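>>> Provided below for reference: sequence and predicted model.
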Amino acid sequence: LCAITGLGVGLSALNGVAIGVVLAMMILMLQNKNNTFKVFMNDSERMLSVVGPLSMLPMLLACLGAVFTQAGVGDVIAQVVGTIIPEGNVTIGIIVYAIGMMLFTIIMGNAFAAITVMTVGIGYPFVLAYGANPTVIGMLALTCGYCGTLCTPMAANFNTVPVALLNMKKQFGVIKNQVLIAGIMIVVQIIMMIAMQ
């Protein structure tokens, strides 16, 4: 809520999240006198110690997506996909875009990294250029990427860190429980993109 409100007054979403964290700390301190600033600092340090360098992975992967786009990976993808998708067929373009988002997110580990490359390579030239609604397509393309996040160990903050935090015996236990849901959701997202384009 603070992140959204922050955008309304010209603050970035991260500033809004920071304000939200401070407010949450103040509320928790009011609810229980044992919640001191030292408790929050110790628990934060403990969490970062467990997660380790993997806590930086989402930001690094998002930067990697921008690097891939600058390197022209999106243009190469556009050339390859151009031989598959019939010109002007938005429905097939949407299907390839959505599945591409999922697969590229599995490789990259982060939908934010994938969406820049896939939108340049497939989303714009084969879907948006033919009049599809950019708000709907962009939003749903990102959720298609999240279906890929559910299926990859590259998304360490979602699929590897919980294994360590919960001392799970199966290394890919989290992913195994999410693959079926990801498969169902990618189909749902594609249907929504086609219906709402």
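Thanks, I have it.

>>> Quick check, Thr116 in contact with Cys63.
No - between Thr116 and Cys63 there is no contact under C-beta atoms under 8 Å: 10.4 Å. (Each C-beta comes from the backbone N, C-alpha and C, glycine too.)

>>> So between these two, which is more surrounded?
Comparing Thr116 with Cys63 by other C-beta atoms under 10 Å, the one with more neighbours is Thr116, at 20 against 13.

>>> what about the more buried one, is that helix, strand or coil?
helix (DSSP: H, G, I helix; E, B strand; the rest coil).

>>> give the contact list for it.
Neighbour list for Thr116: 65-66, 68-69, 74 [criterion: C-beta atoms under 8 Å, 6 or more residues apart in numbering].

>>> which ones among the residues you listed are found in helices?
Counting by DSSP state H, the part of the contacts of Thr116 found in helices is 65-66, 68-69, 74.

>>> Tell me the spatial nearest neighbour of the residue most central in space within the chain, not counting adjacent residues.
In the chain, the residue lying closest to the centroid (C-alpha atoms, centre = their mean) is Ala111, at 3.5 Å. Sequence neighbours aside, Gly145 is the residue nearest to Ala111 in space, at 2.8 Å (criterion: C-beta to C-beta, 6 or more residues apart in numbering).

>>> show me the contacts for that neighbour.
101-102, 104-105, 111-112, 114-115, 118.

>>> Could you say which helix or strand holds the residue sitting furthest away from the middle of the chain?
What lies farthest from the middle of the chain is Lys33; by C-alpha atoms, centre = their mean that is 37.0 Å. In the assignment (DSSP states H and E), Lys33 maps to no helix and no strand.
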